[in-house]
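Student: With the sequence up front, the predicted model follows.
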Amino acid sequence: MRSKKIELLAPAGDLERLKINLLYGADAVYFGGKKYSLRANASNFGLDEIEEACRFAHKLHKKVYLTLNIVFHDEDLEGLEKYIDDVVKCGIDAFIISDPFIINYIVKNYPDVEAHLSTQNSTTNKDTVRFFKEQGIKRVVLAREVSLKEMKEIIDDVGVDVEVFIHGAMCTFYSGRCCLSNYVTNRDSNRGGCAQICRFAYDLEEDSSDTNFTMATKDLNLSRYIKDLIDIGVTSLKVEGRMRSAYYLATVIGTYRKIIDYYYEKRNDEEFLEEQYRILDRVANRETSSHYLMKKADYTDQYYTGRQELSNQDFLGLVEKYDPKKHILTLYERNYFKVGDDVTLFTPNGQDYTFKIAKMYNEKMEEIDTARHPEEVINIEVEVPFEVPEYSMVRIKV
Amino acid sequence: MKLLVVPNRNSDLSSYVKNGCEGFIIGLKNFSTNYDLQLDIGEIKSLRQEYPNIELFVSLNKNIFNEELDELEENLKELDNIDISGVLFYDLSVLYLRNKNHLKLNLVWNQTHMVTNYNTCNYYYDLGVKYGYLSGEITLEEINEIKSKTNMKLMCFGFGYPIMAHTRRSLLTNYFISHNKKYDGQICHIYDDKTRFSLKEDETGTTFLNDSFVNGSCLITDSLIDYVIFGTDLVSEDKSLKLITLIHNLLNTKEERYVLEIEKLIGNDTNFFFKKTIFMVKKDEK
């Protein structure tokens, strides 16, 4: 295990989710600005929000990275340098880029700001990493097609910071080598307009069976390999999902925080780990796989009969406040629950409390049996044995 | 402007040359993807000797992994000793190894869908890459702007079925395994209401080609690029020969009648030459 602790890097679609990520244990966050980001249709961050994001993160001694990872067309070039200047003034720690001409500008003008190479470049080998290191890249986000063994070789032989995707949706194709969206919908996949054509179902002419041809992949989940990734010297563990919900992020980031800390604390508690795996397996509401980490991805890593998604109703509510004198936990409901349900209160600082709901009330403190309507205020009677911080949440017991 | 042809394994190269093809792009065994004709170093040497007066480019366009780097380096050294016009590359390890070994090989930046602006062309040009193979998803106007702002010699895919996507996954094998069947290695086609794609699978993965034949006559009549490329993959030999003759005639005369004859032969799908892609569905709120 290397001396410097591995980084947990989280995606942020907006300021609230950025704060949730950082409070739930991310060491750094990444997001897109209003332009030049591969999630052109996410909320994304204006300059004021970038500044606030940097302030919030830096107060917690955490880092903020901005994606500038579109593949530029000529028309996108105008204003780019000024935009970089403005973002640097906001306090950004690094840019995640895919078009390499930007490296020069950052390296020459902002030596204290790092340039990270996006996975959009599909970097798969040592010599490509050496090339980019020579150009001034400080960190490489490796292609998702790279195995653990290959990661280790790159880290050992080249000596550059390596960032690895550990959780979230996967592209079916090599990143950067897919323009299906352009051809089918005219939306430019390499400029943030990807319409996810790989999630559609098609007929296959050469097969007479009734089933459709699909190419959609299962999600990535490397939670069972975190120790291996720490041991080989990976610098940063990245979670995908700038479009994901606050609950998803709180759960995924909070759980990975616990798994990472577990290894650094040299604990030996298999039951604890199994519980974390169970939580992660449920939250995505999609099947998951380790894809290329230990073998070449094969037929087990895809869907063939449409998306195997179950509606996930685990998230019961976002805590608004806790009154420790009256033992009332107030939350905004998200999904149906009722008296007698076993639920878990989980918090940004990693403390959990599982209990059976004995009594609950509506906003007017009238006793009720069931919470049926999302966004309703629900009061649960419970004695929580710790302070309940902002952004705590309640889910069904996993 | 010159016509480069990407031959397939059934191509009659001598007829292509006789009909006006001025150069070939061929794959290198183990290092190319979606090149039906892939030769080893010895075969490339023979081809060079057989056709000493045409331009010969070799494509190393696959994604490369650690265990392939030694063989890649050896191949590049071998290619450096053959009088070829250049090496097309996708993976940057090719550029790294060319520079590390001080090879004199010309390189062609060929990151399929990512060669889209003059700034990046100039970035690679300054690193010694003298050719660029432009993305098929940009407009004729963008092509001309890039040409006017870079010293790179530029190539464009003008005729044939364009590549849309490439994955390391064996999508056809996987599909048939999941249905308890065996994939026979043939090209397959998938379709829905609006689209039809051709799928090819080999040891590098699966490649998707659009099923509509691109007509890039406008590149010849309205641009100053250096090379126009015709990919013969999935095209009959008879059609390929006819098209090579017509492109050759158009290149030499710029006469409208050849534009019309080409259109009669292959249709008029101008791909993205006059169609700009979009990416913001919501209002830009910068």
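Tutor: Right, received. Where do you want to start?
Student: Pop the domain breakdown of chain B in here.
Tutor: Chain B breaks down into these domains under automatic domain parsing: B:2-160+B:215-266, B:162-211.
Student: Throw those into a markdown table and include mean pLDDT, mean neighbour count and distance to chain A, thanks.
Tutor: Where you see a C-beta, it was placed from the backbone N, CA and C, and this is true even at glycine. Below are the domains of chain B laid out as a markdown table (pLDDT from 0 to 100; neighbours: other C-beta atoms under 10 Å in any protein chain shown; distance: least, C-beta to the nearest C-beta, whole Å):
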| stretch | mean pLDDT | mean neighbour count | distance to chain A |
| --- | --- | --- | --- |
| domain B:2-160+B:215-266 | 97 | 20 | 4 |
| domain B:162-211 | 95 | 19 | 4 |
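Student: Throw the ones you listed into JSON lines and include distance to A:Thr255, thanks.
Tutor: Formatted as JSON lines, these follow (distance: least, C-beta to C-beta, whole Å):
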{"stretch": "domain B:2-160+B:215-266", "distance to A:Thr255": "31"}
{"stretch": "domain B:162-211", "distance to A:Thr255": "28"}
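Student: Now do stretch B:162-174: distance to the chain's middle.
Tutor: The chain centroid and the centroid of stretch B:162-174 are separated by 17 Å under C-alpha atoms, centre = their mean, to the nearest Å.
Student: correction: stretch A:173-193
Tutor: Offset of stretch A:173-193 from its chain centre (C-alpha atoms, centre = their mean): 21 Å.
Student: And stretch B:38-53, by the same measure?
Tutor: Taking mean C-alpha positions (C-alpha atoms, centre = their mean), stretch B:38-53 and its chain are 19 Å apart.
Student: residues in contact with it?
Tutor: Residues outside stretch B:38-53 that contact it (C-beta atoms under 8 Å, 6 or more residues apart in numbering or on different chains): B:13, B:17, B:24, B:26-30, B:32, B:56, B:58, B:75, B:78-79, B:82-84.
Student: same thing with stretch A:252-271?
Tutor: Stretch A:252-271 is contacted from outside by A:1, A:5-6, A:8, A:10, A:20-21, A:24-26, A:166-167, A:223, A:226-227, A:230, A:237, A:239, A:241, A:244, A:272-273, A:276, A:279-280, A:283, A:346, A:348, A:350, using C-beta under 8 Å, 6+ apart.
Student: List the buried residues of it.
Tutor: For stretch A:252-271, the neighbour count (16 or more other C-beta atoms under 10 Å in any protein chain shown) marks A:Val252, A:Ile253, A:Gly254, A:Thr255, A:Tyr256, A:Arg257, A:Lys258, A:Ile259, A:Ile260, A:Tyr262, A:Tyr263 as buried.
Student: possible to save the residues you listed as TSV with secondary structure and pLDDT?
Tutor: Shown next, in TSV, are the buried residues of stretch A:252-271 (DSSP: H, G, I helix; E, B strand; the rest coil; pLDDT from 0 to 100):
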residue	secondary structure	pLDDT
A:Val252	helix	97
A:Ile253	helix	98
A:Gly254	helix	97
A:Thr255	helix	97
A:Tyr256	helix	98
A:Arg257	helix	98
A:Lys258	helix	97
A:Ile259	helix	98
A:Ile260	helix	98
A:Tyr262	helix	97
A:Tyr263	helix	97
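Student: so B:Leu105, which of the three states?
Tutor: coil (DSSP: H, G, I helix; E, B strand; the rest coil).
Student: I'd like the distance between it and A:Thr214.
Tutor: Going from B:Leu105 to A:Thr214 by C-beta to C-beta, to the nearest Å gives 42 Å.
Student: Alright, that wraps it up for me.
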